[in-house]
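Participant: Below is the sequence, then the predicted model.
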Amino acid sequence: MKEQDADIRNELEKLWTEPSSIRKFVSELLAENERLHTIIKALQLEIQTLREKEQQRQHDDKNKPPKDSHNSSIPPSQESIAAKELRRTRSLRKKSGKKSGGQPGHKGCTLEWASEPDTIIEHTPCYCQHCGKSLEDIPVTRSRSGQVFDVVLPKVTTTEHHYNEKVCSCGHHNRMDAKNYRVAYGKNIRAIVTYLACSQYMPYGRITEFLSHVFNLKISEGTVRNILKDIGKRADFAYNEIRKRIEKSPVVGADETGIHVNKEKHWNWVFQTDTLTFLFHHMTRGLAAILSQFPNGLPNATLVTDRHVSYSKMNVKTRQVCLAHLLRNGIFLNELDEKQMWSRQFIQCLTDAIAMRKEESVTESKIMELRTKMDKLLNEDLSRLDKDFTKLARGISKVKDYIFTFLEDSSVPYDNNASERCIRNVKIKQKVSGCFRTEDGADIFAKIHSIVDTAKKNGNSKFDAILAMYN
């Protein structure tokens, strides 16, 4: 009986404590439920706010002029057909009043008479066209000449090398160093492949087709890839030398553009001068990309760029902001609000500075006057206008000390067009050949293009620059 009583008491205690634990569990569930309801209400409020902002943005965008290459940094390749057609008849440049085409004094390019022709062919009448008599023994009384320039169709030649050995009377075996014991392509073919890939931007398939049709040379795409890998290694010395000279240059321009490497978004960067081009590929668009090539920055250089924030973090002597970008920003504001005068005054300030540089009428007092005018514009209360005005003024205020650098140093350009021309070739390569399949392929293109574009800037042949890497 005592054992039964004990069991009953235990069961009663369990029944007594169980409702208490249930009540505690229910209380915890209610608290959790209340917390979740609070979070849901906050998220609903945030969603509603975001929806209202998106509706306002869409409403604002409908009332804004469309952006294209004339009023923004959108490249021409991304414009609509209508914008491209409009661009054909509209330009930021002012009319010079001159007729189109070559101007008086312009050195033309025409086919000139060769003083020593390679081949001379005599065309002499054999019989009289009137009576039919033979003219074989009659001397020539008059001669006229004409020259035809043409190329000899290429033909692949094969050179076999024999590496012989001789044994001296002393017993020593004298062997010639064998550069190649196998069948291989020569430097001319390798240079042509490299030139077509990295200077004419042809894809591997079209390169093999060209070699087959013109040279009757059957070559695989894999061989094309191996040739480019080989010259990529040979290009290291010249490529690094260009980078070192860029580091010491007093004026450097820079720009960047997106590329696709194996379906991923990467970036190609260019740092260039009047005589040098240094192109490199990186996975990011941030400061880390720049520091990978210029860890100490460019402490001796005036850096000419757009307003991309990564450039502002570089260690440089001073800067010049691209005025072409600022002019396009101003034109957008003109079209956004045709009645206001702020953006028109901003554009006038920039064009006055450019005209001063072109007319070589720069003075300290004029520079000071322009800076004062610009400060006044940037400090003006623009709350009465669209928020894009305030946004641009705030952004330019951060770089206002670098707007008129070109007036103080005649070697500094007022735009970054030279860098944009260099980086445009990357886009051409991508449009013609598609994406780079590997990072090594992107790096090799950057190396070779840096070398050939540097050669071009110095008046040298791109093909000869490639050929020189095999010497």
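Facilitator: In hand now; what should we look at?

Participant: Which stretches in the stretch 301-450 of the chain count as strands?
Facilitator: If you assign secondary structure with DSSP state E, counting those that start in this stretch, the strands in the stretch 301-450 of the chain sit at 316-321.

Participant: Also the stretch 1-150 of the chain?
Facilitator: Taking DSSP E, counting those that start in this stretch, the stretch 1-150 of the chain contains no strands at all.

Participant: the helices in it, which residues?
Facilitator: Ranges of helices within the stretch 1-150 of the chain are 2-62, 81-87, based on DSSP state H, counting those that start in this stretch.

Participant: mean pLDDT lowest for which of the ones you listed?
Facilitator: Per-stretch averages of pLDDT across the helices of the stretch 1-150 of the chain put helix 81-87 at the bottom, with a mean of 59.

Participant: Residue 299 sits in which helix or strand?
Facilitator: With elements delineated by DSSP states H and E, residue 299 resides in strand 298-305, which encompasses its position.

Participant: Sort out which residues of that strand are buried, please.
Facilitator: Judged by neighbour count using 16 or more other C-beta atoms under 10 Å, the buried positions of strand 298-305 are 298, 301-305. C-beta coordinates here come from the backbone N, C-alpha and C atoms, glycine included.

Participant: ok, now stretch 236-246?
Facilitator: When burial is assessed from 16+ other C-beta under 10 Å, stretch 236-246 yields the following buried residues: 238-239, 242, 246.

Participant: show me where pLDDT drops low in this structure?
Facilitator: For the chain, residues meeting the criterion pLDDT under 70 lie at 1-20, 58-63, 68-96, 180-181.

Participant: what residues are up against the residue nearest the centre of it?
Facilitator: Of all residues in the chain, the one closest to the mean position by C-alpha atoms, centre = their mean is residue 423, 2.3 Å from it. Going by C-beta atoms under 8 Å, 6 or more residues apart in numbering, residue 423 touches 255-257, 268, 270, 279.

Participant: from those, which is closest to residue 214?
Facilitator: Within the contacts of residue 423, proximity to residue 214 (C-beta to C-beta) peaks at residue 279, which comes in at 28.8 Å.

Participant: Distance of residue 248 relative to residue 301?
Facilitator: Using C-beta to C-beta, to the nearest Å, one gets 9 Å for the distance from residue 248 to residue 301.

Participant: Please report phi then psi for residue 119.
Facilitator: Per-residue torsions, residue 119: phi -140, psi 140 (degrees, to the nearest 10).

Participant: Next: residue 158.
Facilitator: Note on residue 158: its backbone torsions stand at phi -120, psi 130 [degrees, to the nearest 10].

Participant: So what's the residue count around it?
Facilitator: Residue 158 is flanked by 6 other residues according to other C-beta atoms under 10 Å.

Participant: ok, now residue 108?
Facilitator: By other C-beta under 10 Å, neighbour count at residue 108 equals 5.

Participant: where's the nearest residue to it once chain neighbours are set aside relative to residue 226, distance?
Facilitator: The spatially closest residue to residue 108, leaving aside those adjacent along the chain, is residue 102, at 6.4 Å (C-beta to C-beta, 6 or more residues apart in numbering). Residue 102 is 45 Å from residue 226, where distance means C-beta to C-beta.

Participant: Equivalent analysis for residue 368, please.
Facilitator: In this view, residue 368 and residue 226 are 61 Å apart by C-beta to C-beta.

Participant: Check residue 460 too.
Facilitator: Computed as C-beta to C-beta, the residue 460 to residue 226 distance reads 27 Å.

Participant: Kindly report the same for residue 198.
Facilitator: Using C-beta to C-beta, one gets 15 Å for the distance from residue 198 to residue 226.

Participant: Give me the more crowded residue out of those two.
Facilitator: Taking residue 198 and residue 226 together and counting by other C-beta under 10 Å, residue 198 has the greater number of neighbours (27 against 13).

Participant: so what's the more buried one up against?
Facilitator: Contacts for residue 198 were tallied using C-beta under 8 Å, 6+ apart; they are 228, 444-445, 448-449, 452, 466.

Participant: redo that, cut-off 10 Å
Facilitator: 228, 231-232, 235, 425, 429, 444-453, 462, 466 (C-beta atoms under 10 Å, 6 or more residues apart in numbering).
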